[in-house]
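Peer 1: Let's see this in three dimensions:
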Amino acid sequence: VKEGDTFLAPLPSELADGPRLKAPTGQWKDGIFNCFGYGILHPHFCCSLWCTQIAMGQAMQRMNLTWLGVPGPEVATRNTFKVVVAIVAAYTVYSIALEIAGAPYGSSPPSYISVPRFVGSLAFTVWAMWALMKTRASVRAQYQIPEEKCKGCEDLCCSVWCSCCSVAQILRHTGEYETYHSTCISSTGLEEGAPMCV
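Peer 2: Numbers count the residues shown, from 1 in each chain. As a prediction, this is how the structure comes out:
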């Protein structure tokens, strides 16, 4: 370690002030495809399936990550969930506006509509994949979880090929759903008053 280097380390239990969620270290709590472990209508699964980026924002908020999925100072992570919701809302409004503008032209809108639509979709998709890849990597680093498959690019592969399952796995790992209820409409995906992650 050199001066100025940053790294993640688990918080020793004697330093924790108050109750904390205790996620296992060294391995994932369960597999990436164990989405139905708490039932098909469990809020963590529904949010991951229907609003993947919103669920990712909840995981980022739980882990004190920035909107790019990396650890940051408290001032940069305080409103991560709100930033993610703003990005998703802005992209949704942008997409709908371009769809409405292109509707009179049928299946071949002019380039001044189709190019911004493509650029916006590409930018949003790249951000979503990058942020999820970095979020997953940050969770693995925090809990010392080694890559099991696709060594060197597991986080990227999981983010690209099964983002909803990857987000659901992160939420299950960082939430004690046996003790604290899950909800789709909170900044952390947990009920009000649930403790933070260690």
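Peer 1: Quick check: residue 172 touching residue 32?
Peer 2: No: under the criterion of C-beta atoms under 8 Å, residue 172 is not in contact with residue 32, lying 9.9 Å apart. The way it works is simple: take the backbone N, C-alpha and C, and place the C-beta from them, glycine included.
Peer 1: More neighbours: which of those two?
Peer 2: Neighbours per residue, other C-beta atoms under 10 Å: of residue 172 and residue 32, the larger number sits with residue 172, 25 against 18.
Peer 1: contact partners of the helix or strand that contains that one?
Peer 2: Assigned by DSSP states H and E, residue 172 belongs to helix 163-174. Residues outside helix 163-174 that contact it (C-beta atoms under 8 Å, 6 or more residues apart in numbering) are 21, 23-24, 28-35, 37-38, 44-45, 47-49, 52, 55-56, 58-59, 62-63, 128-129, 132, 135-136, 139, 143, 158-159, 182, 189, 197.
Peer 1: Any idea how far that helix is from the middle of the chain?
Peer 2: Between the centre of helix 163-174 and the centre of its chain there are 8 Å (C-alpha atoms, centre = their mean, to the nearest Å).
Peer 1: Helices along this protein, start to end?
Peer 2: 43-50, 52-62, 74-77, 80-102, 111-142, 154-161, 163-174 (DSSP state H).
Peer 1: okay if I get the ones you listed as CSV plus mean pLDDT and distance to residue 68?
Peer 2: Converted to CSV, the helices of the chain look like this (pLDDT from 0 to 100; distance: least, C-beta to C-beta, whole Å):
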stretch, mean pLDDT, distance to residue 68
helix 43-50, 90, 19
helix 52-62, 94, 9
helix 74-77, 90, 10
helix 80-102, 96, 9
helix 111-142, 95, 6
helix 154-161, 93, 13
helix 163-174, 93, 15
